[in-house]
Every structure is written in C-alpha cells, then in structure tokens.
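Undergrad: Sharing a model prediction with you, sequence too.
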Amino acid sequence: MLGKYALPAFNTQDLEVTLGIIRAAEAQKAPIIVQTSVGALEYAGIEELAGIIKTEARKAKVPVALHQDHCKDFGLIKKLINQGYSSVMIDVSHLPFKENIKLTKQVVSYAHKRGVWVQAELGRILGNEDWQDVKSGEDLMTDPAQAAEFVRETRIDTLAVAVGSWHGIPINPKVKKILKTLKEHIDLDRLKQIRKAVKVPLVLHGASGVSDKQIRQAIRLGVVIFNIDTDLRVAFNQALIQNLKKHPQIYDPRKILGPATDALQKEAEKKIKLLKANKQARKFKSTR
Ligand SMILES: [Zn+2]
C-alpha cells in the first residue's frame with residue numbers, strides 16, 4: 001500500500017453525514033475510516049453516534065473502521081474502546097514532550113491489550129482557535145528526530161504529523177498572516193525526513209484545501225491516512241442552502257437534508273478517487 005494509495009478518514013456527527021460517507025465508500029469500493037471528534041460526541045451522544053456508525057459499518061459492503069479523532073481525555077478513550085472503536089487518537093501534543101510520551105504510553109498499553117490501534121500527534125496541527133501564542137508556521141512543525149524517539153518510546157501505531165496543513169478554514173486575520181510565513185501548504189522535504197525517521201503509517205490532518213498535486217506527492221512520500229472534514233461540510237452546506245433557496249416551501253427534513261447528503265457523498269467519492277482508495281476494499285479483511 002505504501003506510496004500507492006491512502007485511506008480517507010472522514011468526520012461525522014450525525015446520521016446524514018454517516019450515510020453520505022458510507023454510500024460514497026460503497027459506490028467506490030473503498031475501505032474507509034469514519035471518525036468522531038469530541039465535539040461530535042458531545043453533540044450527538046456517544047452511544048447514539050457510535051451506534052449509528054457501528055450499525056452502518058456492519059451493513060456496509062466495504063470495510064469501515066471507527067476512529068476517535070483528537071482526544072485529551074484518557075477516561076473518554078477507555079469508554080470509546082469499550083464501545084467498539086477500532087482506533088483512537090490520544091492528542092496531548094500541547095504538553096511538554098516527556099509528558100506527551102508518558103500519557104501516550106499509558107493509552108497504548110490499555111488499547112493494545114484490547115486490540116485497538118493508537119494514533120498520536122507530534123508538532124501542532126492548528127485550527128482558528130489555537131493560534132494565540134504562535135509567531136511563525138515553522139514553530140509548529142513535527143521534528144523528524146523527535147518523531148523517531150516518540151514512536152520508539154510510545155509504540156503508537158500511526159503518527160499524525162504537522163507539516164503545514166491546518167484544521168478548518170482560516171478566518172482569523174492573524175491566522176492568515178502566520179500561514180503566509182509557510183512557503184507551501186505542505187512541507188514535502190520535512191515529510192520525507194519524517195518518513196525516513198519512523199516506520200509507522202503517517203497521518204495528515206487538515207487535508208481539506210491541500211492541492212490535489214500535494215496530496216498525490218504526500219501519498220508517494222508515505223502518508224497513508226488523510227483526515228478530511230471541511231471539504232465535505234462545505235459541499236453539504238452549499239447544497240443545503242441552494243436547496244432551501246430553490247424550494248423555500250419545503251418543510252420535510254428528509255427533503256431538506258437529502259440533497260445535501262447526496263452532495264456530501266459526491267465530494268467524498270471525489271476524495272476517495274484522489275487518494276486512489278477506490279477499488280481497494282477487497283484487499284482488506286473486514287473490521288469489527
Ligand atoms: Zn486533526
């Protein structure tokens with residue numbers, strides 16, 4: 001798989017988005033990762049949201065993994081593992097390096113005993129709310145030598161790297177200014193060095209808005225999972241707004257949300273093809 005194609009990890013928080021994602025995967029015969037954020041769990045409820053995804057995953061004709069995105073809370077991680085998540089991300093990258101290692105190791109030990117994978121992050125992949133004390137984009141990047149030590153010490157299964165991508169759409173003017181200090185969206189040289197330094201699969205967060213060309217280059221350099229959320233949300237929202245403008249009289253939620261779900265599915269299919277994950281489902285054994 002390495003260098004040839006990658007898996008999309010799409011975020012969901014409800015039934016419609018989950019359906020759009022899984023229909024896209026089935027249409028493209030792609031193995032996929034469906035992931036939840038802490039915010040999504042707060043919005044929908046853990047049992048409710050995990051229940052929807054697990055049910056759809058069981059019925060799906062393609063392998064679907066259930067992953068928890070950025071989580072600082074070990075207690076919540078334990079709960080999710082016991083809910084049947086196939087992998088979890090412990091993200092305490094805001095802590096000093098040694099602390100990050102210590103807590104990540106504890107999570108790995110708990111998860112591995114239960115057959116669950118762990119992802120962790122080194123460097124900081126930021127969103128609009130996290131930029132207060134940041135001066136330059138370079139300050140946030142994953143250091144390859146530190147990455148090697150981190151993976152060796154923690155025995156994590158996948159590593160989220162900070163190489164220039166960010167979460168969401170930059171709206172804060174200060175954020176936009178900092179982003180201008182980065183030469184290119186993705187620092188491919190850094191990615192190459194990290195790839196040489198560590199053996200575990202690499203994950204790129206904030207892949208919405210990264211050019212198709214850079215995504216393909218990142219796949220060749222060994223990124224095997226791309227987290228994609230914003231682009232699907234934008235597709236969903238645009239279709240929703242257009243639909244309501246065109247048919248202001250509709251009041252049936254199914255007719256309001258249906259076209260938005262279809263638009264999200266289309267966008268997800270586009271991303272699957274961009275990552276060349278289409279027609280790869282048969283190579284995977286089904287997950288739980
Ligand atoms: Zn992320």
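TA: Structure received.
Undergrad: CA atoms for contacts and neighbours, from now on please.
TA: Noted.
Undergrad: now Leu66, what's its secondary structure?
TA: Here Leu66 takes the strand state, with states given by DSSP: H, G, I helix; E, B strand; the rest coil.
Undergrad: low-confidence ranges in the stretch 1-150 of the chain?
TA: Within the stretch 1-150 of the chain, the stretches with pLDDT under 70 are 1, 125-139.
Undergrad: can you give me the helices in it?
TA: Listed in chain order, the helices found in the stretch 1-150 of the chain under DSSP state H, counting those that start in this stretch are 15-27, 38-44, 46-59, 74-82, 97-113, 144-154.
Undergrad: what distance separates the fourth one from the centre of its chain?
TA: Okay, so that is helix 74-82. Distance, stretch centre to chain centre, for helix 74-82: 18 Å (C-alpha atoms, centre = their mean, to the nearest Å).
Undergrad: could you dump the helices of the stretch 1-150 of the chain to a markdown table with distance to Gln68 and mean neighbour count?
TA: Listed next are those as a markdown table, based on distance: least, C-alpha to C-alpha, whole Å; neighbours: other C-alpha atoms under 10 Å:
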| stretch | distance to Gln68 | mean neighbour count |
| --- | --- | --- |
| helix 15-27 | 14 | 22 |
| helix 38-44 | 8 | 14 |
| helix 46-59 | 10 | 17 |
| helix 74-82 | 8 | 15 |
| helix 97-113 | 12 | 17 |
| helix 144-154 | 18 | 17 |
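Undergrad: wait, which of those is closest to Ala162?
TA: helix 144-154 (10.5 Å; C-alpha to C-alpha).
Undergrad: what's the closest one in contact with?
TA: Residues outside helix 144-154 that contact it (C-alpha atoms under 8 Å, 6 or more residues apart in numbering): 101-102, 104-105, 108, 122, 159, 190, 193-194, 197-198, 200.
Undergrad: 7 Å instead?
TA: The contact list for helix 144-154 (C-alpha atoms under 7 Å, 6 or more residues apart in numbering) reads Ile101, Thr104, Lys105, Leu122, Gln193, Ile194, Ala197, Val198.
Undergrad: gap between the residue nearest to the first one when sequence neighbours are not counted and Leu76?
TA: What that stands for is Ile101. Leaving aside its chain neighbours, Ile101 sits nearest to Thr154 (6.1 Å; criterion: C-alpha to C-alpha, 6 or more residues apart in numbering). Using C-alpha to C-alpha, to the nearest Å, one gets 19 Å for the distance from Thr154 to Leu76.
Undergrad: re earlier: and Arg282, which of the helices of the stretch 1-150 of the chain is closest to it?
TA: helix 15-27 (11.5 Å).
Undergrad: Give me the packing partners of that closest one, helices and strands only.
TA: Judged by 3 or more C-alpha pairs under 7 Å, 6 or more residues apart in numbering; DSSP states H and E, helix 15-27 is in contact with helix 253-274.
Undergrad: Quick one: mean pLDDT for the helix it packs on?
TA: In this model, helix 253-274 carries a mean pLDDT of 98.
Undergrad: any residues touching it, and which ones?
TA: Contacts for helix 253-274 (C-alpha under 7 Å, 6+ apart): 8, 16-17, 20-21, 23-25, 28, 232, 235-237, 239-240, 243-244, 250, 278.
Undergrad: That one to helix 15-27, inter-axis angle?
TA: Angle, helix 253-274 to helix 15-27, by axes from the mean of the first three to the mean of the last three C-alpha atoms, to 10 degrees: 40 degrees.
Undergrad: Restricting the selection to alpha carbons, write helix 253-274 to PDB.
TA: The C-alpha trace of helix 253-274 is given here as PDB (Å, rounded to 0.1, in the frame of the first residue of the first chain):
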ATOM      1  CA  PRO A 253     -36.400  17.400   7.000                       C
ATOM      2  CA  ARG A 254     -35.800  14.400   4.600                       C
ATOM      3  CA  LYS A 255     -36.400  16.700   1.600                       C
ATOM      4  CA  ILE A 256     -34.300  19.400   3.100                       C
ATOM      5  CA  LEU A 257     -31.300  17.200   4.100                       C
ATOM      6  CA  GLY A 258     -31.500  14.600   1.300                       C
ATOM      7  CA  PRO A 259     -29.800  16.600  -1.500                       C
ATOM      8  CA  ALA A 260     -27.200  17.800   1.000                       C
ATOM      9  CA  THR A 261     -26.400  14.200   1.900                       C
ATOM     10  CA  ASP A 262     -26.100  13.400  -1.900                       C
ATOM     11  CA  ALA A 263     -23.700  16.300  -2.400                       C
ATOM     12  CA  LEU A 264     -21.600  15.200   0.500                       C
ATOM     13  CA  GLN A 265     -21.400  11.700  -0.900                       C
ATOM     14  CA  LYS A 266     -20.200  13.100  -4.300                       C
ATOM     15  CA  GLU A 267     -17.500  15.100  -2.600                       C
ATOM     16  CA  ALA A 268     -16.400  12.100  -0.600                       C
ATOM     17  CA  GLU A 269     -16.300  10.000  -3.700                       C
ATOM     18  CA  LYS A 270     -14.000  12.600  -5.300                       C
ATOM     19  CA  LYS A 271     -11.700  12.500  -2.300                       C
ATOM     20  CA  ILE A 272     -11.600   8.700  -2.400                       C
ATOM     21  CA  LYS A 273     -10.600   8.800  -6.000                       C
ATOM     22  CA  LEU A 274      -8.000  11.400  -5.400                       C
END
